[in-house]
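*Asks:* Coordinates for the following, if possible.
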Amino acid sequence: MYAVVHTVTLTDRSAAEAALGEVVPTVTGLPGFVAGYWVARTANEGVALVMFESEEAAQGFANFLKTAPDEPGTTLNRDSIDVGQVLASA
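*Replies:* Residues are numbered from 1 along each chain as shown. As a prediction, the model looks like this:
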């Protein structure tokens, strides 16, 4: 399993939370999707961890993120997009 990890700056938390209503169903429908977590770390920063069955699926999502428009209420920190192998989960 592979994870795509990225951070966002929350410019409008209410708008960002509302946008997840569209983002989550879209992401969960991607090929190889396993699980996803969208976390507000602080009032102004969020992090997403999205797991995929294969490195290819994860890399495809990461490549999409690099050119995707920002969602309402967020600014995607494109330098933060990383793909890594999941070594354990519980």
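*Asks:* Show the residue spans covered by the helices in the chain.
*Replies:* Applying DSSP state H to the chain gives helices spanning 13-28, 55-67.
*Asks:* want to throw those helices into TSV with mean pLDDT?
*Replies:* Below are these laid out as TSV (pLDDT from 0 to 100):
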stretch	mean pLDDT
helix 13-28	95
helix 55-67	97
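*Asks:* looking at these, which is buried most?
*Replies:* Of the helices of the chain, the one with the most neighbours on average (mean count of other Cβ atoms under 10 Å) is helix 55-67, at a mean of 16. Placement of C-beta: from N, CA and C, glycine included.
*Asks:* Relative to Thr42, tell me which of the helices of the chain wins on proximity.
*Replies:* Distance to Thr42, taken as Cβ to Cβ, is lowest for helix 13-28 among the helices of the chain, at 10.4 Å.
*Asks:* Check what pLDDT Val50 gets.
*Replies:* Reading off the confidence values, Val50 has pLDDT 98.
*Asks:* contacting residues for the closest residue to Arg13 other than its chain neighbours?
*Replies:* Excluding its sequence neighbours, the residue lying closest to Arg13 (Cβ to Cβ, 6 or more residues apart in numbering) is Gly73, at 6.5 Å. Counting by Cβ atoms under 8 Å, 6 or more residues apart in numbering, Gly73 touches Leu10, Thr11, Asp12, Arg13, Ser14, Ala15, Ala16, Glu17, Ala18, Ala19.
*Asks:* Need the phi and psi values for Val86.
*Replies:* phi -80, psi 120 (degrees, to the nearest 10).
*Asks:* how much space between it and Val27?
*Replies:* 17 Å (Cβ to Cβ, to the nearest Å).
*Asks:* try Leu65
*Replies:* 10 Å.
*Asks:* same question, Ala68
*Replies:* Ala68 is 11 Å from Val27, by Cβ to Cβ.
*Asks:* try Gln85
*Replies:* 19 Å.
*Asks:* what do you get for His6?
*Replies:* Distance from His6 to Val27, counting by Cβ to Cβ: 12 Å.
*Asks:* again with Glu71
*Replies:* 11 Å.
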